[in-house]
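Visitor: A structural model of the following input is requested.
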Amino acid sequence: MQVPFHSSVASLLVLAGLTSPALAQTPAGDMGVGVELVLAVDVSRSVDPDERAIQRQGYAAAFRSIQLQKAILYGDWKRIAVTYVEWAGAQSQRVAIPWTLIDSAAGAEAFATLIESGVSPPVSRTSISGAIDFASDLFEGNGFAGTRRVIDISGDGPNNQGGSVTEARDAAVMRGITINGLPLMTDSEDGYGGWSSIPDLDRYYVDCVIGGTGAFSISVTSWDQFAAAVRHKLVLEVAGRSPLVREELIRAQALPAADCLVGEKLWGERQRSWGE
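Guide: As a prediction, this is how the structure comes out:
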C-alpha cells in the first residue's frame, strides 16, 4: 500500500524554501532509486523522553551531514526513498514520516527538519517481529523501485511480544529485504538490571534480528555515540556497503549464541512474579 507524502506539510516546506519539488510530490509510478530504506526506531517506554529526543536529533543530524548527502547524491541513482517509522509493542507501529524521495541537499535538509520537529510518544512492550512485519509491507506499492530494500531497526531490548523474531526476519529476507541492526546498549533508568534488558543485546541482534544480503549491526553503548553511529550506518546502507570488521562485532561473535526467545522468557518471569 502506498503511503503518500502529506501534501499540506510538503506545501509548507516548499513555501519555506526547505525542499525541492521532487520531495514535495509523490512520484507517479515506480521511480528507480538506489535504495528503499525504512528507518524503524524504538520508542518503547524503556527509551525515556530525553533518549527519544536524542534519537530524532541523531537521525536529523545524519541527513544534514555532508557524508550522507554525498552518499545519496553521488550514488548510482543519485536519489533514495526513505520512510521514518516508530514502533514498540506488537500492535504499536506508526509511520511518522511517509515515503519521501531525497534527490538533493535541500531534500535531505527538509527530511531532517521533519524528523527533528516530530514528537515520539512512549508505548509499552517490545515487538521487533511486529516492527519487521510492518516495515516489510511498506515496500509494496510505495511508488519506488530500489536496487535494494533495507530495514534499519534500532532497539534497546529483545523481542518480548508478538510473533517469533526469527520467523519475521526470515520472511523479510525471503522477500529480498535486508535487515540491519542498531542495538542500543546504553545505561538508562531501565539499565541492564531492568526486566526487559539483556547484557548481550549485540549478540542477540546478530543471531536473531539481522539478515539478508550484506546485513550488519552496529551497537551503541552510550548516547553520546548515537549520532555518529547513525550517520556511519546510513552512509553504508545508502552506499550498499558493509562496515569493516568492528570491535563490537568481534565481541558479539565471541559471546555464546543468543537465545532468540530470551525476551519472551523474561516477560513470562515478570508475569509469574506479579502472581506471587
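
Visitor: Tell me, what's the model's pLDDT at Ser20?
Guide: Here, the pLDDT recorded for Ser20 equals 36.

Visitor: Contacts only, for His232.
Guide: Residues near His232 by Cβ atoms under 8 Å, 6 or more residues apart in numbering: Ile218, Pro243. C-beta: built from backbone N, CA, C; applies to glycine.

Visitor: before we move on, which element is it in?
Guide: Using DSSP states H and E, His232 falls within helix 226-239.

Visitor: do Ala168 as well
Guide: Using DSSP H and E, Ala168 sits within helix 165-174.

Visitor: Run through the helices of this protein in chain order.
Guide: Ranges of helices in the chain, per DSSP state H, are 7-15, 21-24, 49-64, 66-73, 105-117, 128-138, 165-174, 201-204, 226-239, 247-254, 262-275.

Visitor: and of these, who's closest to Val85?
Guide: Smallest distance to Val85 across the helices of the chain (Cβ to Cβ): 6.0 Å, for helix 128-138.

Visitor: Go through the closest one and flag the buried ones.
Guide: Buried positions in helix 128-138, judged by neighbour count with 16 or more other Cβ atoms under 10 Å: Ile128, Ser129, Gly130, Ala131, Ile132, Asp133, Phe134, Ala135, Ser136, Leu138.

Visitor: Run a quick check on the second one versus Gly163, I expect a contact.
Guide: Think Ser129. Yes - with contact defined as Cβ atoms under 8 Å, Ser129 counts as touching Gly163 (4.4 Å).

Visitor: now stretch 55-69: how far from the chain's centre is it?
Guide: 13 Å (Cα atoms, centre = their mean, to the nearest Å).

Visitor: what does stretch 130-142 give?
Guide: 12 Å.

Visitor: Report the angle between the helix holding Ala168 and helix 128-138.
Guide: Angle of helix 165-174 versus helix 128-138, following axes from the mean of the first three to the mean of the last three Cα atoms, to 10 degrees, is 20 degrees.

Visitor: Using CSV, write down the CA coordinates of the top strand by length along the chain.
Guide: Looking across the chain with DSSP state E, the single longest strand is strand 93-102. Below are the C-alpha coordinates for strand 93-102, written out as CSV (Å, rounded to 0.1, in the frame of the first residue of the first chain):
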residue,chain,number,x,y,z
GLN,A,93,3.8,0.8,14.8
ARG,A,94,3.3,4.1,13.1
VAL,A,95,4.6,5.8,10.0
ALA,A,96,5.9,9.1,11.4
ILE,A,97,7.2,10.3,8.0
PRO,A,98,5.8,8.7,4.9
TRP,A,99,7.9,7.5,1.9
THR,A,100,9.9,10.5,0.7
LEU,A,101,12.2,11.0,-2.3
ILE,A,102,15.6,12.5,-1.4
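
Visitor: in that strand, what counts as buried?
Guide: So, applying 16+ other Cβ under 10 Å, buried residues of strand 93-102: Gln93, Ala96, Ile97, Pro98, Trp99, Thr100, Leu101, Ile102.

Visitor: Which of the helices of the chain has the lowest mean pLDDT?
Guide: Least confident of the helices of the chain, judged by mean pLDDT, is helix 7-15 with a mean of 33.
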